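Peer 1: Sequence first, predicted model second:
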Amino acid sequence: MQKIKQSALLKTSSYINGQWHASDVTFTVSNPATNEVLAQVSDAGENDAKLAIQAAKKAFRAWADMAAHERAKLLRNWFNLMMEHQDDLARILTLEQGKPLAEAQGEIAYGAGFIEWFAEEGKRVYGDTIPSLSADQKILVIKQAVGVVAAITPWNFPNAMIARKAAAALAAGCTFVVRPAAQTPLSALAMAELAEQAGIPAGVFNVVVGQDARAIGEVFTTDTDVAKFTFTGSTAVGKSLIKQCASTVKKVSMELGGNAPFIVFNDADIAEAVKGAINSKYRNAGQTCVCTNRIFVQKEVLASFTEQFTSAVNNLHVGNGINDNIQIGPMISTEAVDNVAKLVEKSIQQGAILHAGGKRHQAGRNFFQPTILTQVTPDMPVARNEVFGPVSPIIAFESESDVIAMANDTEYGLAAYFYARDIGRVWRVAQALEYGMVGINEGLISNVAAPFGGVKQSGSGREGSKYGLDDYLAIKYLCMGGIKD
């Protein structure tokens with residue numbers, strides 16, 4: 001942490017109503033690559049969450065009434081500061097989360113990109129006029145900020161997941177309270193410091209850092225002053241939070257789990273498919289909700305793809321993300337490593353063949369070797385579950401109809417990928433896959449200008465793009481009578 005150039009970015013307590021709230025009770029934040037202690041962070045709880053919501057409620061009216069172009073200037077200031085301090089923010093992120101430094105720098109730019117995007121998009125919240133059935137009436141439709149937004153974000157993208165939500169909320173005129181994951185609070189607090197420097201008023205952006213996710217989550221989901229709740233995380237937790245939100249009928253958006261298929265057809269460019277699979281599967285050590293989880297390869301090209309893919313996987317460098325030339329860093333915890341190891345072991349017991357990796361890596365207890373399993377069947381644990389680790393199960397298929405059925409045979413529907421060059425096949429498969437996002441001859445699909453989100457049990461709502469504001473706006477219908485003399 002001594003290499004952080006701007007020490008002001010290193011905060012260790014919640015940011016509420018423009019103030020830093022320290023407490024006597026703390027929790028430890030450690031580097032998953034080395035298990036070294038990075039910081040002791042003040043442990044906020046239920047009362048702090050309520051305080052943050054009240055601060056956001058108090059700040060809401062003035063922020064919502066501010067002209068959109070004035071809000072845009074402040075968001076633009078925030079964006080500029082994030083890019084100015086990109087190196088420091090990336091180093092903080094790598095130290096607490098583990099991903100390679102180059103990936104962390106990319107995440108900072110990606111997260112800041114949402115702030116830049118919505119700074120402009122917030123100026124374009126348009127309404128409508130609708131022809132009335134009566135000559136003495138006029139019908140108008142306007143869009144207004146919903147109010148206070150509460151958010152819970154995960155550890156795998158501790159900067160971008162906050163930025164994607166907060167940028168849209170603030171641009172729409174909402175105020176915002178977020179509880180980041182306890183494993184990675186330092187990135188969120190650094191963002192709060194820069195928001196303050198950018199001139200964003202007290203109470204508009206609040207960060208509550210604490211270990212008691214259940215207590216803080218219950219406040220966020222049941223407080224009547226929260227108009228909108230947004231969550232990124234597992235489907236199981238998301239379902240529970242949705243139930244809690246029902247008590248106050250909040251506006252809810254969920255970005256939940258995935259089980260992304262990656263399909264390689266016999267007319268694919270195999271070299272490009274291998275490149276795409278590597279990018280999609282092993283980014284962030286496989287700990288992303290949109291990463292490839294099941295690789296389906298048509299039998300005619302199975303041998304060629306497997307050979308080239310294995311060569312690429314074996315050349316990946318594993319180690320501490322802060323070091324140079326590292327492609328795969330640690331997993332977030334020893335428990336996460338154990339979970340991946342169990343899925344691999346159970347699948348091998350059911351007949352899968354270990355083709356590469358398959359063990360803990362010598363780099364440390366939180367590292368797992370980049371792994372390939374072959375002769376996998378769709379009913380094996382690595383195919384049925386979201387692995388959330390650097391493991392690639394390869395499943396052979398014969399026909400287009402067969403692979404579409406297998407790809408769709410899951411409760412998840414977040415992201416899917418396929419490689420093919422036949423234009424008819426491209427359209428057929430793209431439309432048949434039951435997923436909110438489909439990468440066609442592309443393994444990296446996230447983009448601030450595109451709507452991010454899933455179908456089925458992968459969630460609801462969209463983040464990013466022009467559609468991303470909709471979840472933070474309420475539509476109001478105005479009927480004006482007495483127009484005609």
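Peer 2: Yep, it's here.
Peer 1: For the rest of this, base every contact and every neighbour count on C-alpha atoms.
Peer 2: Fine.
Peer 1: now the residue positioned nearest the centre of the chain: how far from residue 154?
Peer 2: For the chain, the residue sitting closest to the mean C-alpha position, by CA atoms, centre = their mean, is residue 161 at 4.6 Å. As for residue 161, its distance to residue 154 is 7 Å (criterion: CA to CA, to the nearest Å).
Peer 1: which residues are common contacts for these two?
Peer 2: residue 232 (CA atoms under 8 Å, 6 or more residues apart in numbering).
Peer 1: Quick check: which ranges of the stretch 201-350 of the chain have low pLDDT?
Peer 2: By pLDDT under 70, the stretch 201-350 of the chain has no low-scoring segment.
Peer 1: contacting residues around residue 64?
Peer 2: 145, 172, 173, 174.
Peer 1: Name the SS class of it, please.
Peer 2: helix (DSSP: H, G, I helix; E, B strand; the rest coil).
Peer 1: Model confidence for it, exactly?
Peer 2: pLDDT for residue 64: 98.
Peer 1: domains in this protein, as residue ranges please.
Peer 2: Using automatic domain parsing, the domain parsing of the chain gives 7-257+457-477, 260-409+415-448.
Peer 1: So for residue 1, which of those domains sits nearest?
Peer 2: Comparing the domains of the chain against residue 1 with CA to CA, the closest turns out to be domain 7-257+457-477 (7.2 Å).
Peer 1: Any idea how far that closest one is from the middle of the chain?
Peer 2: 12 Å (CA atoms, centre = their mean, to the nearest Å).
Peer 1: residues near the closest residue to residue 429 other than its chain neighbours, how many?
Peer 2: Closest residue to residue 429 apart from its sequence neighbours, by CA to CA, 6 or more residues apart in numbering: residue 404 at 7.3 Å. Other residues within reach of residue 404 by the criterion other CA atoms under 10 Å amount to 20.
Peer 1: got a list of what residue 404 touches?
Peer 2: Counting by CA under 8 Å, 6+ apart, residue 404 has contacts 429, 432, 433.
Peer 1: mind checking how far the residue lying closest to residue 232 once chain neighbours are set aside is from residue 320?
Peer 2: The shortest distance from residue 232 to any non-neighbouring residue, by CA to CA, 6+ apart, is to residue 255 (4.7 Å). Per CA to CA, residue 255 is found 29 Å from residue 320.
Peer 1: Over to residue 9?
Peer 2: 22 Å.
Peer 1: So which of the two has more stuff around it?
Peer 2: The neighbour comparison of residue 9 against residue 320 (other CA under 10 Å) goes to residue 320, with 26 against 21.
Peer 1: my read: that one touches residue 96, true?
Peer 2: No - taking contacts as CA atoms under 8 Å, residue 320 lies outside contact range of residue 96: 11.5 Å.
Peer 1: For the helix or strand harbouring the residue nearest to residue 429, the averaged confidence score.
Peer 2: Using DSSP states H and E, residue 404 maps to helix 400-408. Averaging pLDDT along helix 400-408 gives 98.
Peer 1: gap between that helix and the chain center?
Peer 2: On the basis of CA atoms, centre = their mean, helix 400-408 sits 27 Å off its chain's mean C-alpha point.
Peer 1: and that helix, which residues are buried?
Peer 2: 403, 404, 406, 407, 408 (16 or more other CA atoms under 10 Å).
Peer 1: mind checking pLDDT for residue 90?
Peer 2: Confidence score, pLDDT, at residue 90: 98.
Peer 1: So what's the residue count around it?
Peer 2: Here the number of neighbours of residue 90 (other CA under 10 Å) works out to 25.
Peer 1: would you put the C-alpha positions of the helix or strand hosting it in CSV?
Peer 2: Here residue 90 sits within helix 86-97, counting by DSSP H and E. Extracted in CSV, the C-alpha atoms of helix 86-97 (Å, rounded to 0.1, in the frame of the first residue of the first chain):
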residue,chain,number,x,y,z
GLN,A,86,-6.2,5.2,-12.6
ASP,A,87,-2.9,3.7,-11.6
ASP,A,88,-3.5,4.2,-7.9
LEU,A,89,-7.1,2.9,-8.1
ALA,A,90,-5.9,-0.2,-10.1
ARG,A,91,-3.2,-0.9,-7.5
ILE,A,92,-5.7,-0.7,-4.7
LEU,A,93,-8.1,-3.0,-6.6
THR,A,94,-5.4,-5.6,-7.4
LEU,A,95,-4.2,-5.6,-3.8
GLU,A,96,-7.6,-6.3,-2.3
GLN,A,97,-9.2,-8.4,-5.1
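Peer 1: Tell me the first helix or strand C-terminal of that helix.
Peer 2: helix 101-121.
Peer 1: Which residue ranges of the stretch 1-150 of the chain form helices?
Peer 2: 46-65, 68-84, 86-97, 101-121 (DSSP state H, counting those that start in this stretch).
Peer 1: what's the closest of those to residue 194?
Peer 2: Closest among those, using CA to CA: helix 68-84, at 6.3 Å.
Peer 1: What lies in contact with the closest one?
Peer 2: 63, 89, 108-109, 112-113, 115-116, 118-120, 122-123, 167, 170-171, 173, 191, 194-195, 197-200.
Peer 1: Repeat that for stretch 354-367.
Peer 2: Under CA under 8 Å, 6+ apart, the answer for stretch 354-367 is 32-34, 310, 314, 318-320, 329-334, 336-337, 341, 344, 348, 368-374, 391.
Peer 1: among the residues you listed, which are in strands?
Peer 2: 371, 372, 373, 374, 391 (DSSP state E).
Peer 1: any idea what sits nearest the last one, other than its immediate chain neighbours?
Peer 2: By the measure of CA to CA, 6+ apart, the closest residue to residue 391 outside its immediate chain neighbours is residue 371, 4.6 Å from it.
Peer 1: The one you found: neighbour count?
Peer 2: Residue 371 has 21 nearby residues by other CA under 10 Å.
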